[in-house]
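Asks: Could you look at this predicted model? Sequence included:
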Amino acid sequence: MQVPNSTLFFPNRKPKTENRKLVSMKRREFWARLRRNRMAVAGLTLVLGLFVVAILASWIAPYDPNQIDLKQVLMPPSSGHLLGTDMLGRDVLSRIIFGSRVSLLVGFVAVGIATLIGLVVGSLAGYYGGLVDQVLMRLVDLMLCFPTLFLILAVIAVLGPSIWNIMAVIGLTAWMGVARLVRAEFLSLREREFVAAARALGATDARLILRHLLPNALAPVMVSATLGVAGAILTESFLSFLGLGVQPPTPSWGNILTAGQANIEIAWWLSFFPGLAILITVMSYNLLGEGIREAIDPRLSE
Amino acid sequence: MLVYLLKRMALMVPMLLGITLVSFTVIHLAPGTPVELQTTMNPKASLEAQNRLKELYGLDKPLQVQYWDWLQRLARLDFGRSFSPDGRPVWDKIKERIGITLALNLMSLLIILAVAVPLGVLAAVRPHSWFDKATTLVVFFGFAMPSFWLALLLIMFFGVYLDWLPISGLRSLNFPQFTFWQKVQDLASHVTLPVLGAAFGGLAVWSRYTRGSMLEVIRQDYITAARAKGLPERTVVFKHALRNALLPVITMLGLSVPGLIGGSVIFETIFAIPGMGQMLYNAVMARDYPLVMGELVIAAVLTLMGNLLADVGYALADPRIRTG
């Protein structure tokens, strides 16, 4: 009997009790597998921890991240300032804590945009096939021809640097993978019996795509979105590092590193800790993403 | 082979057109009319530069005419003139720097291949050994490591703390007075950190990929057959398995070109290397639109050529591809 994957994520969509039992079993199985994977649990814990830090930043941070103290300029880590201070005497730990907000915001909004575009393009190409598919997939190939950073920088040159622009630009240049994934899923799903059955019952194209095909194609998209958050955080931090992303005084991990490079010969802590924060964040999303992938399809873990 | 090559090159034409179309869209992304926006937003654009921009895009004409005019100019490698005070043609500026970027990327690529392939093979031959686990760990760091942070760490450790290597530029100040060997040594010491830094991220991806590809091949029947007829393990691994495992790796070569070229922005800006990446950064900061667009088109064309080379390499290695 066919139990669509999507039931993992949309357990309440099926009203039949029989189905619901199967569904909850599937979901329980997913969580059980995820929990057994130590790396995935570590990733998930870190990801949740980062959320808590970002939300509670004002309570956790020992200082106001923008509080300038010219008597305490470029102080190395000490008990007063655990991670030292920057060239304006601002507390690095507090700036890193507040910087996590920017990273998470950019990561999620950018991936949201990319996933949405990817879902639309992939669904249309996979469902309709033929000319629509040809045109959309050539567009994907075309976008993949551009070195992403070059494209992003060119758009930023035209639109100007701001946190909103970089979220949009990262989203607009990162949807191709999702589109390909969704298309591939659709190509195999649309031949299945349940689709033929729904069509025979008179379901419209829109209903077929949204209610029958898309939910079944979401599992791999979840994995790619989780990994995508990591990628978007990396890109944002680099753009902010270049001065083309989040503008000071708003703290972001990237623009703290800009200060780090300017003072690299005298203040190692200014370059070391923000980078470590990026590394840990990206790594936890990667761990979680790989964990979800293996929990969805256990055959993948050798 | 020739037929395959010609067919493959014919496929590039629509892609090239597409590249110009996307680039053209980017410059017209700006809300409002491009003339106003590009000139009011950019204090550096003098009246003369504004006129050059209008001339380059024919901004008063309808869009399709603008695109057609621009396309004709591109065909003659006329990307317009830079907004910078020297006002030199964009193509001349790119020509000066493209060699440096390509040379550095080629060096990184060679290092990646020389290190990642053996690493991947060794890890695949003994899966789940301590060696495999150690490389997996390193690879995981490689995936998550922000490359610009890695560059800063390299500068901090080798440049500042140990003071072994120079941390910026391509040449020392007194370069012209050096003898030939001193010059070679000077260049080598300047490129070491950027090339190693650029190679690190690639190492992770490639060793992982080689490992996966090798594991796949080693399970095949012909490998069992080779072992069964008593061939030494070394021959089985390096002659029978590796050759087949490297085929998909060649494809990866083509796919990794955009990443490498994009990465040159990172390493050239941090190490102050006068290549295309650094020029792009400077052009973006100065809102030098003709130069930015020229770079965008050239970078995409380079990617396209990288893909072509990879496909040709694949066809050379695997006769099934070229005969169809």
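Replies: Sure thing, it's come through.
Asks: got any ranges where the chain has weak pLDDT?
Replies: Defaulting to chain A. A:1-25, A:298-302 (pLDDT under 70).
Asks: my bad, the chain I had in mind was chain B
Replies: B:30-60, B:323-324.
Asks: What is the helix or strand harbouring residue A:51 packed up against?
Replies: If you go by DSSP states H and E, residue A:51 is part of helix A:38-55. Using 3 or more CB pairs under 8 Å, 6 or more residues apart in numbering or on different chains; DSSP states H and E, the elements in contact with helix A:38-55 are helix A:17-36, helix A:92-128, helix A:268-296. Bear in mind the C-beta positions are built from the backbone N, C-alpha and C, glycine included.
Asks: Compile these into CSV and extend it with columns for mean neighbour count and distance to chain B.
Replies: Written out in CSV, the entries for the helices and strands packed on helix A:38-55 read as follows (neighbours: other CB atoms under 10 Å in any protein chain shown; distance: least, CB to the nearest CB, whole Å):
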stretch, mean neighbour count, distance to chain B
helix A:17-36, 14, 18
helix A:92-128, 22, 11
helix A:268-296, 22, 3
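Asks: Out of these, which is closest to residue A:209?
Replies: Of all the helices and strands packed on helix A:38-55, helix A:92-128 sits nearest to residue A:209, with 5.3 Å by CB to CB.
Asks: Which neighbouring elements make contact with that closest one?
Replies: Right, helix A:92-128 is packed against helix A:38-55, helix A:57-60, helix A:130-145, helix A:163-172, helix A:176-189, helix A:214-242, helix A:253-262, helix A:268-296 by 3+ CB pairs under 8 Å, 6+ apart.
Asks: Just the residues contacting the helix holding residue A:51, thanks.
Replies: By CB atoms under 8 Å, 6 or more residues apart in numbering or on different chains, the surrounding residues in contact with helix A:38-55 are A:34-35, A:60, A:97, A:100-101, A:104, A:280-281, A:283-292, A:294-295.
Asks: change it to 6 Å
Replies: Helix A:38-55 is contacted by residues A:34, A:100-101, A:104, A:284, A:287-288, A:291 when judged by CB atoms under 6 Å, 6 or more residues apart in numbering or on different chains.
Asks: out of these, what pair is the most spread apart?
Replies: Using CB to CB, these span at most 26.8 Å, a distance reached by A:34 and A:101.
Asks: so which helix or strand takes in residue A:154?
Replies: Using DSSP H and E, the element containing residue A:154 is helix A:148-159.
Asks: Contacts only, for residue A:163.
Replies: By CB under 6 Å, 6+ apart, the contact set of residue A:163 is residue A:246.
Asks: separation between it and chain B?
Replies: To chain B, residue A:163 is 17 Å away according to CB to the nearest CB, to the nearest Å.
Asks: gap between that residue and residue B:226?
Replies: Distance, residue A:163 to residue B:226, using CB to CB, to the nearest Å: 57 Å.
Asks: Also residue B:234?
Replies: As judged by CB to CB, residue B:234 and residue B:226 stand 11 Å apart.
Asks: just residue A:209 next, same as before
Replies: 49 Å.
Asks: who are the neighbours in contact with the residue most central in space within chain A?
Replies: Among the residues of chain A, the one closest to the centroid is residue A:229, at 1.7 Å (CA atoms, centre = their mean). Applying CB under 6 Å, 6+ apart to residue A:229 gives the contacts A:107, A:111, A:285.
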